[in-house]
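K.L.:
no sequence for this one, just the structure:
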């Protein structure tokens, strides 16, 4: 699973769906919004509303936050980030 957000990884995508989007984007020039619309149509009608509604949530809020000064590039999930993937006392445990 690949998290939809680095700071709030409650939602994740399978690599299979990411591969499908990649192929659709390369071959058909499909936008992310169109791909999510496609996923909505492929999702069975009996699926709980919360699962179907996540697509609308992701589309509705993607790209609306102003980037912070230090966040002008992609975030490396493997790199250490205080408050995210480092213990609270990392400065005492790992002195310079």
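P.N.:
Nice, I can see it. Here the structure is a predicted model, which means the values were calculated and not measured. Numbering: from 1, shown residues only.
K.L.:
Point to the helix or strand of the protein where mean pLDDT is at its lowest.
P.N.:
The helix or strand of the chain with the poorest confidence is helix 49-61; it has a mean of 56 (mean pLDDT, DSSP states H and E).
K.L.:
so how far is residue 77 from the closest residue to residue 9 other than its chain neighbours?
P.N.:
Distances taken as Cβ to Cβ, 6 or more residues apart in numbering place residue 3 nearest to residue 9, at 3.5 Å, with adjacent residues excluded. C-beta here means a position set from N, CA and C on the backbone, and glycine is covered the same way. In this view, residue 3 and residue 77 are 8 Å apart by Cβ to Cβ, to the nearest Å.
K.L.:
Tell me where the chain has helices.
P.N.:
15-28, 32-42, 49-61, 90-93 (DSSP state H).
K.L.:
what angle do the longest one and helix 32-42 make?
P.N.:
For helix 15-28 against helix 32-42, the angle between stretch directions is 120 degrees (axes from the mean of the first three to the mean of the last three Cα atoms, to 10 degrees).
K.L.:
What count of nearby residues applies to residue 76?
P.N.:
For residue 76, the count of nearby residues is 9 (other Cβ atoms under 10 Å).
K.L.:
ok, now how distant is it from residue 6?
P.N.:
Taken as Cβ to Cβ, the span from residue 76 to residue 6 is 9 Å.
K.L.:
What of residue 33?
P.N.:
Distance of residue 33 to residue 6, given as Cβ to Cβ: 21 Å.
K.L.:
can you check residue 17 too?
P.N.:
In terms of Cβ to Cβ, residue 17 sits 18 Å off from residue 6.
K.L.:
any idea how far residue 29 is from the closest residue to residue 81 other than its chain neighbours?
P.N.:
Distance criterion Cβ to Cβ, 6+ apart; nearest residue to residue 81, sequence neighbours excluded, is residue 75 at 7.6 Å. Distance, residue 75 to residue 29, using Cβ to Cβ: 27 Å.
K.L.:
Then residue 44?
P.N.:
When residue 44 is compared with residue 29 (using Cβ to Cβ), they lie 27 Å apart.
K.L.:
show me what contacts the residue nearest to residue 9?
P.N.:
9, 11, 12, 77 (Cβ atoms under 8 Å, 6 or more residues apart in numbering).
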